[in-house]
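Engineer: Fold the following, please.
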Amino acid sequence: MRRLVVLLLVMAVAGCGDGDATQTGATEEFTQGGVSMEPTVMAGQAVTARNVTGTYEARRGDVVLFRPPGGRWGDREVPLLKRVVAIGGETIACCDTSGRVTVNGEALTEPYVADDAPLDEPPNADHCGPRRFAPVTVPADAVFVLGDSRARSNDSRCAGPVPVSSVFAVMVD
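Structural biologist: Alright, predicted model coming up:
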(Lines give C-alpha, C1' and ligand atoms only; values in the text may rest on other atoms or scores of the structure.)
Protein backbone atom coordinates (compact mmCIF):
# COMPACT_ATOMS: atom_id res chain seq x y z
CA MET A 1 0.00 0.00 0.00
CA ARG A 2 1.40 3.32 -0.99
CA ARG A 3 1.73 5.75 1.82
CA LEU A 4 1.00 9.38 1.41
CA VAL A 5 3.73 11.29 3.13
CA VAL A 6 2.96 14.84 4.06
CA LEU A 7 5.71 16.61 5.94
CA LEU A 8 5.20 19.70 8.03
CA LEU A 9 7.68 22.30 6.81
CA VAL A 10 6.88 25.77 8.10
CA MET A 11 4.28 27.30 10.35
CA ALA A 12 3.20 30.88 9.69
CA VAL A 13 0.40 33.12 10.82
CA ALA A 14 -2.09 33.99 8.08
CA GLY A 15 -2.19 37.64 7.15
CA CYS A 16 -0.67 40.43 9.16
CA GLY A 17 -1.71 43.49 11.04
CA ASP A 18 -5.15 43.30 12.64
CA GLY A 19 -6.05 39.80 11.35
CA ASP A 20 -7.58 37.49 13.94
CA ALA A 21 -5.93 34.08 13.57
CA THR A 22 -8.48 32.47 15.91
CA GLN A 23 -11.28 33.19 13.42
CA THR A 24 -9.40 32.69 10.14
CA GLY A 25 -6.95 30.05 11.31
CA ALA A 26 -3.22 30.14 10.81
CA THR A 27 -1.70 28.68 7.69
CA GLU A 28 0.94 25.99 7.42
CA GLU A 29 2.99 24.73 4.49
CA PHE A 30 3.08 21.01 3.75
CA THR A 31 4.90 19.00 1.12
CA GLN A 32 2.87 16.36 -0.69
CA GLY A 33 4.78 13.10 -0.59
CA GLY A 34 2.49 10.85 -2.61
CA VAL A 35 0.75 10.71 -5.98
CA SER A 36 -2.88 10.30 -4.87
CA MET A 37 -3.81 13.96 -5.49
CA GLU A 38 -2.14 14.38 -8.89
CA PRO A 39 -2.56 16.39 -11.06
CA THR A 40 -4.02 18.89 -8.54
CA VAL A 41 -1.08 18.47 -6.15
CA MET A 42 2.03 16.81 -7.49
CA ALA A 43 4.34 14.63 -5.39
CA GLY A 44 6.90 16.93 -3.79
CA GLN A 45 4.78 20.05 -4.27
CA ALA A 46 4.44 22.47 -1.35
CA VAL A 47 0.87 23.45 -0.48
CA THR A 48 -0.51 26.01 1.92
CA ALA A 49 -3.36 24.95 4.16
CA ARG A 50 -5.47 26.98 6.60
CA ASN A 51 -5.78 25.39 10.02
CA VAL A 52 -9.27 24.49 11.17
CA THR A 53 -10.32 26.36 14.27
CA GLY A 54 -13.12 24.68 16.18
CA THR A 55 -15.05 22.09 14.19
CA TYR A 56 -14.41 21.70 10.46
CA GLU A 57 -17.46 22.84 8.47
CA ALA A 58 -17.38 20.38 5.61
CA ARG A 59 -17.73 21.61 2.03
CA ARG A 60 -17.71 19.39 -1.01
CA GLY A 61 -14.64 20.11 -3.13
CA ASP A 62 -12.36 21.11 -0.24
CA VAL A 63 -8.90 19.53 -0.33
CA VAL A 64 -8.21 18.67 3.30
CA LEU A 65 -5.44 17.41 5.52
CA PHE A 66 -6.52 14.92 8.16
CA ARG A 67 -5.00 12.60 10.68
CA PRO A 68 -5.81 8.96 9.89
CA PRO A 69 -8.57 7.99 12.35
CA GLY A 70 -7.39 4.38 12.73
CA GLY A 71 -9.43 1.39 11.61
CA ARG A 72 -8.95 0.74 7.91
CA TRP A 73 -7.16 4.11 7.62
CA GLY A 74 -4.41 2.78 9.88
CA ASP A 75 -2.71 4.39 12.84
CA ARG A 76 -0.19 6.47 10.92
CA GLU A 77 1.25 9.63 12.42
CA VAL A 78 1.59 11.26 8.98
CA PRO A 79 -1.42 13.32 7.82
CA LEU A 80 -3.19 12.53 4.54
CA LEU A 81 -4.34 14.91 1.79
CA LYS A 82 -7.63 14.13 -0.05
CA ARG A 83 -10.62 15.87 -1.65
CA VAL A 84 -14.02 16.01 0.10
CA VAL A 85 -16.54 14.51 -2.34
CA ALA A 86 -19.53 14.05 -0.02
CA ILE A 87 -20.47 15.49 3.36
CA GLY A 88 -22.56 14.32 6.29
CA GLY A 89 -26.08 13.23 5.33
CA GLU A 90 -25.28 12.77 1.63
CA THR A 91 -25.33 9.39 -0.14
CA ILE A 92 -22.40 8.75 -2.47
CA ALA A 93 -22.00 5.85 -4.92
CA CYS A 94 -20.21 4.84 -8.07
CA CYS A 95 -21.15 4.58 -10.70
CA ASP A 96 -23.88 5.94 -12.95
CA THR A 97 -24.26 4.57 -16.50
CA SER A 98 -21.42 6.88 -17.63
CA GLY A 99 -19.07 5.65 -14.89
CA ARG A 100 -19.31 8.82 -12.80
CA VAL A 101 -19.55 9.21 -9.03
CA THR A 102 -23.00 10.25 -7.82
CA VAL A 103 -24.03 12.19 -4.74
CA ASN A 104 -27.72 11.93 -3.80
CA GLY A 105 -28.31 10.37 -7.23
CA GLU A 106 -26.77 13.29 -9.17
CA ALA A 107 -23.64 12.62 -11.24
CA LEU A 108 -20.63 14.76 -10.34
CA THR A 109 -18.53 16.61 -12.87
CA GLU A 110 -14.97 16.05 -11.69
CA PRO A 111 -12.51 17.76 -14.06
CA TYR A 112 -9.71 17.30 -11.50
CA VAL A 113 -9.73 13.48 -11.89
CA ALA A 114 -7.01 12.61 -14.39
CA ASP A 115 -6.21 8.97 -13.63
CA ASP A 116 -9.51 7.29 -12.78
CA ALA A 117 -9.66 3.79 -11.38
CA PRO A 118 -10.86 0.96 -13.62
CA LEU A 119 -14.57 0.20 -13.48
CA ASP A 120 -14.46 -3.56 -13.53
CA GLU A 121 -11.57 -4.53 -11.28
CA PRO A 122 -12.82 -6.94 -8.61
CA PRO A 123 -13.20 -5.38 -5.15
CA ASN A 124 -10.17 -5.78 -2.88
CA ALA A 125 -10.38 -4.87 0.83
CA ASP A 126 -6.63 -4.10 0.95
CA HIS A 127 -6.48 -1.81 -2.09
CA CYS A 128 -8.84 0.81 -3.50
CA GLY A 129 -8.46 -0.52 -7.02
CA PRO A 130 -11.98 -0.53 -8.43
CA ARG A 131 -13.91 2.64 -9.15
CA ARG A 132 -17.23 0.98 -8.29
CA PHE A 133 -18.48 1.07 -4.72
CA ALA A 134 -21.87 0.53 -3.14
CA PRO A 135 -23.90 3.51 -1.91
CA VAL A 136 -22.64 4.99 1.36
CA THR A 137 -24.67 7.41 3.46
CA VAL A 138 -22.05 9.63 5.07
CA PRO A 139 -22.60 10.05 8.84
CA ALA A 140 -23.48 13.58 9.98
CA ASP A 141 -20.07 14.06 11.61
CA ALA A 142 -17.98 12.73 8.71
CA VAL A 143 -16.79 13.36 5.15
CA PHE A 144 -16.18 10.99 2.23
CA VAL A 145 -12.78 11.74 0.70
CA LEU A 146 -11.19 10.59 -2.56
CA GLY A 147 -7.85 11.20 -4.21
CA ASP A 148 -7.82 13.01 -7.55
CA SER A 149 -5.70 10.19 -8.98
CA ARG A 150 -8.23 7.48 -8.16
CA ALA A 151 -6.16 4.70 -9.75
CA ARG A 152 -3.37 5.44 -7.23
CA SER A 153 -5.30 6.47 -4.12
CA ASN A 154 -6.36 4.64 -1.00
CA ASP A 155 -9.34 6.61 0.24
CA SER A 156 -12.92 6.39 1.52
CA ARG A 157 -13.82 3.84 -1.17
CA CYS A 158 -12.08 1.18 0.91
CA ALA A 159 -11.36 2.86 4.27
CA GLY A 160 -14.73 4.53 4.87
CA PRO A 161 -15.74 8.09 5.77
CA VAL A 162 -13.41 10.29 7.84
CA PRO A 163 -14.69 11.93 11.04
CA VAL A 164 -14.69 15.74 10.71
CA SER A 165 -12.76 15.79 13.98
CA SER A 166 -9.79 14.26 12.09
CA VAL A 167 -9.63 17.18 9.61
CA PHE A 168 -7.16 19.79 10.82
CA ALA A 169 -6.50 21.95 7.72
CA VAL A 170 -8.00 22.95 4.35
CA MET A 171 -5.77 23.64 1.36
CA VAL A 172 -5.75 27.29 0.26
CA ASP A 173 -5.94 27.93 -3.49
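Engineer: out of everything not next to it in sequence, what's closest to the residue nearest the centre of the chain?
Structural biologist: For the chain, the residue nearest the mean C-alpha position is Lys82 (2.1 Å; CA atoms, centre = their mean). Counting by CB to CB, 6 or more residues apart in numbering, Val145 is the residue found nearest to Lys82 once chain neighbours are left out, at 3.6 Å. In short, each C-beta sits where N, CA and C put it, glycine included.
Engineer: need the contact list for the one you found.
Structural biologist: 64, 66, 82-85, 155-156, 161-162 (CB atoms under 8 Å, 6 or more residues apart in numbering).
Engineer: Beta-bridge partners for it, please?
Structural biologist: Per DSSP bridges, the residues bridged to Val145 are Val84.
Engineer: Quick check: it vs Gly54, distance?
Structural biologist: In this view, Val145 and Gly54 are 20 Å apart by CB to CB, to the nearest Å.
Engineer: Surely Gly61 touches Arg83?
Structural biologist: Yes. Counting by CB atoms under 8 Å, Arg83 is a contact partner of Gly61 at 6.9 Å.
Engineer: more neighbours, the two?
Structural biologist: Comparing Gly61 with Arg83 by other CB atoms under 10 Å, the one with more neighbours is Arg83, at 25 against 10.
Engineer: what separates the closest residue to the more buried one other than its chain neighbours from Ala114, distance-wise?
Structural biologist: Leaving aside its sequence neighbours, Arg83 sits nearest to Val63 (CB to CB, 6+ apart; 5.2 Å). The spacing between Val63 and Ala114, counted by CB to CB, is 15 Å.
Engineer: And the two? Which one has more around it.
Structural biologist: Higher neighbour count among Val63 and Ala114: Val63, with 21 against 13, using other CB under 10 Å.
Engineer: give me every residue that touches that one.
Structural biologist: Counting by CB under 8 Å, 6+ apart, the residues that Val63 touches are 37, 40-41, 47, 81-84, 170-171.
Engineer: got it, and Val162?
Structural biologist: Going by CB under 8 Å, 6+ apart, Val162 touches 66, 69, 73, 82, 142-145, 156.
Engineer: Okay, and the beta partners of Val47?
Structural biologist: Beta-bridge pairing for Val47 (DSSP bridges): Phe30.
Engineer: measure it to Cys95 for me?
Structural biologist: Val47 sits 29 Å away from Cys95, going by CB to CB.
Engineer: residues of stretch 67-74 that come out buried?
Structural biologist: Neighbour-count burial for stretch 67-74 flags 67-69, 73 (criterion: 16 or more other CB atoms under 10 Å).
Engineer: Redo the residues you listed as CSV? Include pLDDT and secondary structure.
Structural biologist: Converted to CSV, these look like this (pLDDT from 0 to 100; DSSP: H, G, I helix; E, B strand; the rest coil):
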residue, pLDDT, secondary structure
Arg67, 92, coil
Pro68, 89, coil
Pro69, 86, coil
Trp73, 86, helix
